[in-house]
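1. What follows is a predicted protein model with its sequence.
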Amino acid sequence: MSVPHMREASSSSSLQLCRVMRPDDANIMGNVHGGIILKMIEEAGGIVGTRHCNTLNGDRCWVALVRVEKTEFLFPVFIGEVVHVSAEISYTSKHSLEVQVKVVAENILTGMKKLANKAALWYVPCSLQNADKILEVPPIKYADAEQEEEGRKRYEAQKIERQGTKARLEEAIPPPPNPERHTVGFSQSSLIHLVGPSDCTIDDYVYGGVTMKLMDEVAGIVAARHCNTNIVTASVDAINFHRKIKKGCVVTVTGRLTFVSNKSMEIEVLVDAASLVDKEKGRYRAVSAFFTFISLDKDNKPLTVPPLKIEGEDEQRRSDEGKARYVQNKAKRLADKERRQ
Amino acid sequence: MSVPHMREASSSSSLQLCRVMRPDDANIMGNVHGGIILKMIEEAGGIVGTRHCNTLNGDRCWVALVRVEKTEFLFPVFIGEVVHVSAEISYTSKHSLEVQVKVVAENILTGMKKLANKAALWYVPCSLQNADKILEVPPIKYADAEQEEEGRKRYEAQKIERQGTKARLEEAIPPPPNPERHTVGFSQSSLIHLVGPSDCTIDDYVYGGVTMKLMDEVAGIVAARHCNTNIVTASVDAINFHRKIKKGCVVTVTGRLTFVSNKSMEIEVLVDAASLVDKEKGRYRAVSAFFTFISLDKDNKPLTVPPLKIEGEDEQRRSDEGKARYVQNKAKRLADKERRQ
Amino acid sequence: MSVPHMREASSSSSLQLCRVMRPDDANIMGNVHGGIILKMIEEAGGIVGTRHCNTLNGDRCWVALVRVEKTEFLFPVFIGEVVHVSAEISYTSKHSLEVQVKVVAENILTGMKKLANKAALWYVPCSLQNADKILEVPPIKYADAEQEEEGRKRYEAQKIERQGTKARLEEAIPPPPNPERHTVGFSQSSLIHLVGPSDCTIDDYVYGGVTMKLMDEVAGIVAARHCNTNIVTASVDAINFHRKIKKGCVVTVTGRLTFVSNKSMEIEVLVDAASLVDKEKGRYRAVSAFFTFISLDKDNKPLTVPPLKIEGEDEQRRSDEGKARYVQNKAKRLADKERRQ
């Protein structure tokens, strides 16, 4: 398939970028994730827009994405293909600009090309001095009056639609179960991660280190939500890896506060895994552990941590168990210190 | 082929690895995440263990991490420092081995070194032919009988502890709200992502493309959970970026099925952002959009999608709205096709 | 704080780093990209050089890569292998230093090791207070006078060569591609990359290794487009880094075939940089080099490459120059071989 009107990469209002699709860009069947394509589209749009809005004198700026028009994925893209993204500024209003982007996937082994995607993005220029200040966009030249008129119509249409969606904004996904600050529920956090090729050993099982990194990430978010300061990992209790996790699984990592002392927070982290394609295997607990975080000030000195508001029997029991671990560790540290002296 | 002048790092039971800490390895205060250190520790342990267990004839194998002993982070590590991880096999039982790891952070500008971490990891060798088959570990030589005896004690102690934690395994974080298959609740998914430097423009706001990639990731997990097959993005409705997201925020991305046709799934994706350090700014809705996914067989041909079980008025309303969008898009596609002919 | 039992890797003028090769480091045939190896080589060189240049009192500094000597890829490296990079400072002049690097790939399942690569890199120390200020390099101790004399000869030779390449710098990249297969225009490729935080040193300049990885990526796409087979990097001619590239720049990397022999392709790669927000600095040539690729069959044996269709005087001249380099290299390899026997 031929793509006729690709321009030269060097003009100031258009741009081409390309990249080989790698294993981590795709699912286990080799299909490149739509999100990878969307990210490349936006990178091209952002570069061409920022470059254009800095051609005038005045404040330096970058462009913020405000809208992407409906876009269809016409053909699947595969690992090993080279994706070419070409972006061109197609309309400018006083304070916004439209970039049209074309995505072509090329199989460099067969020479075949396919038009994978077409998209239109709207950006506004924000001052580098003050991100809330919207700057003016230098006008582009149109081939003819008709081209300008069509752009103006697209501009008006998207303006109306953007107003319309503001209503839907407020509609909420059920809020977190327990919104009161400093409760266990307030800071409890979960992340999901789709296991990719780079997370795995040559036998397609997840490296233990990858799992521990995710656990630390969730525990860190829990700790930061609780005390809103700079937090760091102080220690990790023994971690047992009960079951292996295979490539293609979705991993759910959940962290919740169990016990808070004057200067530390203990967070229990649970890792569950489930196969997406293998219906028979249910969700199972793969790993669990306790992380301890401390809160630091600007000079990396420990800060006092807000106390934890305990609710219900289960939370109380977990807090008591956490306190026992805390006391035991403290005694052990003291004993080690004395022995060393 | 032999390489004559390799240093001691190539000895079969020890290993050193090192790497410069980069902005993406740290939080916004410059403190390297504990998870990055844990990941490097495990990489070193995995290499030294796998290498050792393949020194005998017989099945080739890799080593699976089964336990990490309690580990303390003695000093914070910063961006720009070089982290050295040295790993050594310190005990072998018939079917498992212990690796001791030391982490030293070096400031290459001042020459200062600090011991950041010490850890002990337990591995078992799994056959590459059959991951469920545990192989035998070649014994190491000990400096003296005392060293071996101490290792044996650590081995017995961890064995008992691993038994003990199996009980806690079954205790569950509250299960997903709606466990019945093919309901909206069954496939609903959320991920959280801590915004890092590489996600951001030069002005420290998240690239729109990074957000879209996360949205597509969640939508893909929802779609795969619903139909347990290979799924790909077919289209994305217009996406409006209501508010900017700043570096250091936590982004929560939630996806849920709204409407399922014979061969497609519509998933609503909502993006909420909240600052971890700035208490005043609450959680706010930053972006929302509808993604459409299709399910593909091995030859990339569309498969039939299981129908969606609707529960309650809200789900019904959202499904009706989704159906209206579906019908409208289909009509538009047909019109476009006719116009082109 | 002192760490008593650090091994020799902590000596100030040498370093070892290693890492498992992952799926994203390789092409779809499992061959690790030459660019990944080059990036590791440069990381090791940068650490050892920066550490050495900060052993004196005075301004703190980092070292900027200014030249990589011609390097050959002796054996292909595969996913799952552990790559060990050992770097050592081998010569110091007043304002520059040479690092020699050896790359060994280890198959930890079979225990086999192969010398994959040897390289020599030249660095200059730049003040952290003012990146344009070149500092003095602390002298190293030589084993004997002969060692020092050989280093001095290498130093003089590279100095002359670096002068020579400045002429080629100004040459512009030719107009858009020519669609006929096996012409230069058919396979010519460009990629652009927006420099992010993880690409940069602590002083916000792009690591030389990051640039080399992008150059290898483009050269690989050019080679694959020309012969539509599995291709690997065979060697890289001396690379001169004429100017530094700062964070926030857009880098354009262009590759085009210059000469094709029976079993190899020479690709010229040009790297241009431009700031997006600072328009006073125009686009400038930062780096240029010649990469040689070969085409491999399923058993990693070299395949015949389709001849290059030359069009016009410029292409003919570049091809003649490429042929001269090819003949010279071949003669040099033969002479080296004879000397070793």
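-> Received it, and whenever you're ready, just let me know what you need.
2. what about the top strand by length along chain A, near chain C?
-> If you go by DSSP state E, chain A has its longest strand at strand A:113-127. No - figure legend: strand A:113-127 not in contact with chain C (Cβ under 8 Å from any Cβ of the partner chain); closest approach 11.0 Å. Glycine gets a C-beta too; all of them are placed from N, C-alpha and C.
3. Going by neighbour count, which residues of stretch A:302-309 are buried?
-> Under the neighbour-count criterion of 16 or more other Cβ atoms under 10 Å in any protein chain shown, stretch A:302-309 has A:305, A:308, A:309 buried.
4. list the helices and strands the longest helix along chain A packs on?
-> Across chain A, the helix with the greatest residue count (assigned by DSSP state H) is helix A:312-340. Using 3 or more Cβ pairs under 8 Å, 6 or more residues apart in numbering or on different chains; DSSP states H and E, the elements in contact with helix A:312-340 are strand A:249-260, strand A:265-275.
5. tell me which residues in that helix are buried?
-> Buried positions in helix A:312-340, judged by neighbour count with 16+ other Cβ under 10 Å: A:315, A:318, A:319, A:321, A:322, A:325, A:326, A:329.
6. on that earlier part again, can you redo the helices and strands packed on helix A:312-340 as TSV with mean pLDDT?
-> What follows is these, written out as TSV (pLDDT from 0 to 100):
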stretch	mean pLDDT
strand A:249-260	93
strand A:265-275	92
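7. Any idea which of those gets closest to residue A:194?
-> Of all these, strand A:249-260 sits nearest to residue A:194, with 5.6 Å by Cβ to Cβ.
8. Is that closest one positioned near chain B?
-> Yes - residues of strand A:249-260 contacting chain B under Cβ under 8 Å from any Cβ: A:250, A:254, A:256.
9. okay, the helices and strands packed on helix A:312-340 in TSV with distance to residue C:333 and mean neighbour count next?
-> As requested, the helices and strands packed on helix A:312-340 are arranged in TSV below (distance: least, Cβ to Cβ, whole Å; neighbours: other Cβ atoms under 10 Å in any protein chain shown):
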stretch	distance to residue C:333	mean neighbour count
strand A:249-260	49	24
strand A:265-275	52	24
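10. Mind checking those strands for the one nearest to residue A:182?
-> Using Cβ to Cβ, the helices and strands packed on helix A:312-340 put strand A:249-260 closest to residue A:182, at 8.7 Å.
11. Can you tell me the element residue A:147 falls in?
-> helix A:145-170 (DSSP states H and E).
12. pull the CA atoms of the helix or strand following that helix into CSV?
-> Sequence-wise, the next helix or strand downstream of helix A:145-170 (DSSP H and E) is helix A:184-187. Output of helix A:184-187 as CSV, limited to C-alpha atoms (Å, rounded to 0.1, in the frame of the first residue of the first chain):
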residue,chain,number,x,y,z
VAL,A,184,-6.2,2.9,56.6
GLY,A,185,-8.7,3.2,53.8
PHE,A,186,-7.6,6.7,52.9
SER,A,187,-4.1,5.7,51.8
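13. Could you pick out the residues of the stretch 51-200 of chain A near chain C for me?
-> Going by Cβ under 8 Å from any Cβ, the residues of the stretch 51-200 of chain A near chain C are A:51, A:54-55, A:60-62, A:79-80, A:82, A:108-111, A:128, A:197-198.
14. Where strands are concerned, which of these count?
-> Among those, the members falling in strands (DSSP E) are A:61, A:62, A:82.
15. follow-up on the earlier one: closest one to residue B:235 out of the residues of the stretch 51-200 of chain A next to chain C, please.
-> residue A:79 (22.1 Å).
16. Name all residues that make contact with that closest one.
-> By Cβ atoms under 8 Å, 6 or more residues apart in numbering or on different chains, the contact list for residue A:79 reads A:21, A:22, A:23, A:25, A:26, A:30, A:32, C:28.
17. Could you report the neighbour count for the third one?
-> Summarising burial for residue A:23: neighbours were counted as other Cβ atoms under 10 Å in any protein chain shown, giving 20.
18. And for residue A:88?
-> Residue A:88 has 21 neighbouring residues, counting by other Cβ under 10 Å.
19. Grab the nearest non-local neighbour of it.
-> Distances taken as Cβ to Cβ, 6 or more residues apart in numbering or on different chains place residue A:14 nearest to residue A:88, at 4.2 Å, with adjacent residues excluded.
20. How about residue A:99?
-> residue A:45 (4.1 Å).
21. Work out for me the element that neighbour sits within.
-> Here residue A:45 sits within helix A:34-53, counting by DSSP H and E.
22. Give the rounded mean pLDDT of that helix.
-> For helix A:34-53, mean pLDDT is 90.
23. now swap in stretch A:199-206 and tell me
-> Per-residue scores along stretch A:199-206 average to 83.
24. now do stretch A:160-173
-> pLDDT averaged over stretch A:160-173 gives 63.
25. hang on, the earlier thing: from the contact counts, what lies against the helix holding residue A:147?
-> Here helix A:145-170 touches strand A:61-68, strand A:82-92, strand A:97-106, strand B:239-241, strand B:284-296, going by 3+ Cβ pairs under 8 Å, 6+ apart.
26. And the residues of strand A:249-260 next to chain B, which is closest to residue C:218?
-> Closest to residue C:218, out of all of the residues of strand A:249-260 next to chain B and judged by Cβ to Cβ, is residue A:250, at 35.2 Å.
27. From start to finish, how long is stretch A:136-152 in a straight line?
-> Its start and end residues considered, stretch A:136-152 measures 17 Å (Cα to Cα, to the nearest Å).
28. Next, the angle from the helix holding residue A:147 to strand B:265-275.
-> 70 degrees (axes from the mean of the first three to the mean of the last three Cα atoms, to 10 degrees).
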